[in-house]
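Novice: here is a sequence with its predicted model. Questions after.
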Amino acid sequence: MESKIILPYKDIFKKEWSVSAVYNWIGSMSVQPEHFSLTCAITKKLIFPDVKCETVQRTTLNMSEREIPVALSEDENEVLFYAGKSSHFEVTDDTVVTNTNSFDLEQVSSIPPQQLLSGDENDSSQSYDAEMSTYRKLQDIRQTELDKMHETCIALIDKSRIVEEVLNLYEDEALIRNRLSVSFVDAVATGSGPQREMFSLFWNSFLSENGIGY
């Protein structure tokens with residue numbers, strides 16, 4: 001669909017306004033077409049919304065229906081991400097890495113790095129040394145408190161009775177002075193994973209049984 005529209009700019013639009021006001025005015029007249037463009041009847045050039053009304057005064061504009069909205073400016077129209085193509089940028093290679101076993105991955109250290117980002121300057125100031133000293137002292141305090149817990153409380157948990165068994169486990173006040181090692185019936189796991197899973201299963205089951213609106 002194409003129609004010619006003669007716009008009396010002096011009566012409706014100010015010269016310093018942008019053509020976006022014209023787009024809005026035309027769009028307010030009808031819901032159809034949803035997307036359209038305005039082009040100069042003589043040059044056939046697309047008129048972008050950011051152009052000043054003064055540049056198209058006394059000009060016949062053609063309105064054409066389109067499937068996608070007009071870009072707000074000519075610069076914005078240079079890369080059409082929604083169309084998957086551009087006159088200035090083309091993707092020539094889209095290699096997908098399927099095997100990462102050949103990559104050399106560095107192990108993450110428990111100590112914060114001195115240089116956080118590649119663009120940052122190395123901080124060799126006294127403030128960094130003070131922060132690291134405080135960090136090491138905190139680690140020493142934590143280890144000292146852990147070493148005081150000579151005994152380890154081993155808890156064998158049945159997942160089907162998770163709520164009852166965890167509540168019974170924490171009734172023993174001596175637990176706070178011991179290390180807790182959790183394992184599940186008919187399951188083999190090590191480290192802190194079983195303990196985290198125990199708390200997760202406990203709260204999910206507890207709230208589903210006793211929570212209102214859960």
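Specialist: Arrived safely, thanks for sending. Numbers count the residues shown, from 1 in each chain.
Novice: burial count for Val56?
Specialist: 19 (other CB atoms under 10 Å). Yep, even glycine has a C-beta here, placed from its N, CA and C like the rest.
Novice: where does it land on pLDDT?
Specialist: For Val56, the pLDDT comes out at 84.
Novice: also Val163?
Specialist: pLDDT at Val163 comes out at 90.
Novice: next one: Ala189
Specialist: 67.
Novice: same question for Asp94.
Specialist: With respect to pLDDT, Asp94 scores 55.
Novice: do the same with the one 3 residues further on
Specialist: We note a pLDDT of 54 for Val97 in this prediction.
Novice: and what of the one 5 residues further on?
Specialist: Residue-level confidence at Ser102 comes out at 58, pLDDT.
Novice: same check on His88?
Specialist: At His88, the model reports a pLDDT of 51.
Novice: same question, Lys137
Specialist: Reported pLDDT for Lys137: 87.
Novice: contacts only, for the spatially closest residue to Gly27 that is not a sequence neighbour.
Specialist: Leaving aside its chain neighbours, Gly27 sits nearest to Phe36 (7.6 Å; criterion: CB to CB, 6 or more residues apart in numbering). In this structure, Phe36 makes contact with Ile26, Gly27, Met63, Ser64, Glu65, Arg66, Val70, judged by CB atoms under 8 Å, 6 or more residues apart in numbering.
Novice: give me the neighbour count for the closest residue in space to Val56 that isn't next to it in sequence.
Specialist: Distance criterion CB to CB, 6+ apart; nearest residue to Val56, sequence neighbours excluded, is Ile47 at 6.0 Å. By other CB under 10 Å, the residues close to Ile47 number 20.
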